[in-house]
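> Sequence first, predicted model second:
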Amino acid sequence: MPVDTRHADPNIPPSFPNMTAIETPTQQTLKPEEIPFTSPQLMSRYITDTGKILPRKYTGMSSKQQRAVTKKIKRARKMLTML
């Protein structure tokens, strides 16, 4: 009996066509708007060496995410957690 391999997963041997591949756990990353304002190390990727906030074209974030990150950076500056 021939096995249809057109839709088969290359990681699964053809003798077990109905098995699904074992999923590896993925590392959970924070979305930019979920970064806490008390952690300057995480927010430092969105500012320059001189302290200016990077624009959207360099960060690649959506406008909603950019606004959230900007608010958090400004809040951190006011609380002196990030200079």
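Arrived safely. Numbers count the residues shown, from 1 in each chain.
> Low-confidence ranges, the chain, go.
Scanning the chain for pLDDT under 70 picks out the ranges 1-28, 82-83.
> in it, which helix has the most residues?
helix 63-78 (DSSP state H).
> I'd like to know how far Arg45 sits from Ser63.
From Arg45 across to Ser63, the span is 18 Å (Cβ to Cβ, to the nearest Å). For glycine as for every other residue, the C-beta is placed from the backbone atoms N, C-alpha and C.
> Please say which of the two ends up with more neighbours.
In terms of neighbours (other Cβ atoms under 10 Å), Arg45 is the more surrounded of Arg45 and Ser63; the figures are 11 against 8.
> all helices of the protein, in order?
Per DSSP H, the chain carries helices over the ranges 40-43, 56-59, 63-78.
> List the neighbours of the last one that are in contact with it.
If I follow you right, that is helix 63-78. Applying Cβ atoms under 8 Å, 6 or more residues apart in numbering, the contact partners of helix 63-78 are 31-33, 35-38, 40, 43, 46-47, 53, 55-56, 59, 61, 82-83.
> Please repeat the previous calculation with a cut-off of 6 Å.
Helix 63-78 has contacts (Cβ atoms under 6 Å, 6 or more residues apart in numbering) with Pro32, Glu33, Phe37, Met43, Tyr46, Ile53, Arg56, Met82.
> tally of neighbours for Gly60?
By the other Cβ under 10 Å criterion, the neighbourhood of Gly60 contains 10 residues.
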